[in-house]
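Colleague: Sequence first, predicted coordinates after that:
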Amino acid sequence: MSRGLMVLAVVGALGALFLFGLLRGEPDRDIASARLGKRLPDFELPVHARFRTDYGSTFEFESEALGRPLVVNFWATWCIPCRDEAPVLQAAWRRYGDRLTILGIQTQDPGRVAGGLEFIDEFGLTFPNLIDERSRVSIDWGLFGVPETYFLRADGTLAYKHTGIVNEAVLDERIGELLQ
Amino acid sequence: MRHDRRRMQSLTGYRRLHHLRPGLRRPSFQRLGPLALLALMTPLLLLAGSAAAQAPSARGDQIDARTFEIADKLRCPVCVSESVAQSSSEISLEMRQIIQGQLEQGRSEREILTFFQERYGDWILLEPPKRGLHLLVWLLPAAAALAGSAALVLLMRRWLRASREPIEVDENDLKRVRDALSEHG
């Protein structure tokens, strides 16, 4: 290989690296959960006031005692995409609520329990919603941010974790897999 | 009781003092013993008290320092390019509290890092683990440095060899150079 070609190859490689750095934008947050295929840690959290009549004051999650599939959505009052997906989750709860449980968890949102209730009322959410005031469950479940949605099989193992806003197509596809 | 008294005298040095100064009236142990003991124990008690008062604070400082040291090895899950130690996000604050709590329970750094690794995977570690694909991160710079050094050595050897070889010069050119030098010299 002539010297000119070698120089050209090196400059080309460096240029490609530079372009990749410029074009790749924000770091990818869609990282597969380290808990995929495994059971998630158990927890006990307070239930939002709106649901206490039906579900009691605290909700106890035991991965071994699920019995039916579970979809867990983490949200916060300050999170704009959470507002977009709340009606989609409510619609899914109406469609699949007899075959699986949908659980909402307000997290990474300290001191905004009242705001959380307003959020629930605004979107008319009827599936149970919990308060993760200190974000301990968020850490235990390896959450990167909000919104994130976890799809758990009836045996308590994690089938899939969706990072970012969840739409109807994703919900239908993933819930369909859980119900098979 | 007699045995105890002798031991006490030996401890306080009283007996030796008494032998060196035979004229001195030997005071009874009942009178001086407790005083000597008090004199000996007071600084010890003060020291112990001071150490006890300082111990929790010193231990607390040590745990704080270790907390930040470990937090600096973890990536903040909701930030960009910030460690859990650097970040002021609510989740990083909570993670630091978890680290502190685990340190207080006597857990090692390895155990604490594993705790977060189990939840977030290798992504959470700012320093990639030295195994699997991550090994490339550690080995590639070393391999590049080795290859660079080897290339440099080879090039230098070639340059040195070339410098030692006699230069072939045309006789006419050599004469022209010599003439030019003698003209200016």
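Modeller: Received the coordinates, thanks. Computed from a prediction, not measured in an experiment: that's the story for all the values here.

Colleague: What are the boundaries of the strands in chain A?
Modeller: A:43-46, A:58-61, A:70-75, A:101-107, A:129-132, A:148-152, A:158-163 (DSSP state E).

Colleague: Tell me if the fourth one is near chain B.
Modeller: No. No part of strand A:101-107 sits close enough to chain B to count as contact by Cβ under 8 Å from any Cβ of the partner chain; the gap is at least 8.8 Å. (C-beta placed from N, C-alpha, C; glycine too.)

Colleague: which other residues reach that strand?
Modeller: A:45, A:48, A:59, A:61, A:68-77, A:89, A:92-93, A:96, A:112-113, A:116, A:119-120, A:125, A:127-132, A:135, A:137-138, A:143, A:146 (Cβ atoms under 8 Å, 6 or more residues apart in numbering or on different chains).

Colleague: which of the residues you listed come close to chain B?
Modeller: Among those, chain B is touched by A:135, A:138, A:143 when using Cβ under 8 Å from any Cβ.

Colleague: from chain A, which residue is nearest to chain B?
Modeller: For chain A and chain B, the shortest gap (Cβ to the nearest Cβ) falls at A:Ala34, measuring 3.4 Å.

Colleague: ok, how many other residues are close to that residue?
Modeller: Residues near A:Ala34, counting by other Cβ atoms under 10 Å in any protein chain shown, number 18.

Colleague: can I assume it is in contact with B:Gln117?
Modeller: Yes. Counting by Cβ atoms under 8 Å, B:Gln117 is a contact partner of A:Ala34 at 7.4 Å.

Colleague: quick one, what contacts the spatially closest residue to A:Arg99 that is not a sequence neighbour?
Modeller: Leaving aside its sequence neighbours, A:Arg99 sits nearest to A:Leu179 (Cβ to Cβ, 6 or more residues apart in numbering or on different chains; 5.7 Å). Neighbouring residues of A:Leu179 by Cβ under 8 Å, 6+ apart: A:69, A:96, A:99-100.

Colleague: Show me where chain A has its helices.
Modeller: Ranges of helices within chain A are A:3-23, A:52-55, A:80-96, A:113-122, A:136-140, A:168-179, based on DSSP state H.

Colleague: Can you tell me which of these has the worst average pLDDT?
Modeller: Mean pLDDT is lowest for helix A:3-23 among the helices of chain A, at a mean of 87.

Colleague: Just checking the distance from that helix to the centre of its chain.
Modeller: 39 Å (Cα atoms, centre = their mean, to the nearest Å).

Colleague: do that helix and chain B meet?
Modeller: No. Contact of helix A:3-23 with chain B (Cβ under 8 Å from any Cβ) is absent, the minimum separation being 12.5 Å.

Colleague: any idea which residue sits dead centre in chain B?
Modeller: B:Glu69 (10.7 Å; Cα atoms, centre = their mean).

Colleague: and it, what pLDDT?
Modeller: 96.

Colleague: what helix or strand is it on?
Modeller: B:Glu69 is part of helix B:29-71 when elements are defined by DSSP states H and E.

Colleague: Mind checking what helix or strand follows that helix in sequence?
Modeller: Heading C-terminal from helix B:29-71 (DSSP H and E), you reach helix B:90-104.

Colleague: What average pLDDT does that next one get?
Modeller: Mean predicted lDDT for helix B:90-104 stands at 96.

Colleague: With stretch B:133-145 instead?
Modeller: pLDDT averaged over stretch B:133-145 gives 81.

Colleague: and that stretch with chain A, contact?
Modeller: No. Shown here: stretch B:133-145 not in contact with chain A (Cβ under 8 Å from any Cβ), separated by at least 13.5 Å.

Colleague: correct me, but B:Glu82 touches B:Ala71?
Modeller: No. Taking contacts as Cβ under 8 Å, B:Glu82 lies outside contact range of B:Ala71: 10.7 Å.
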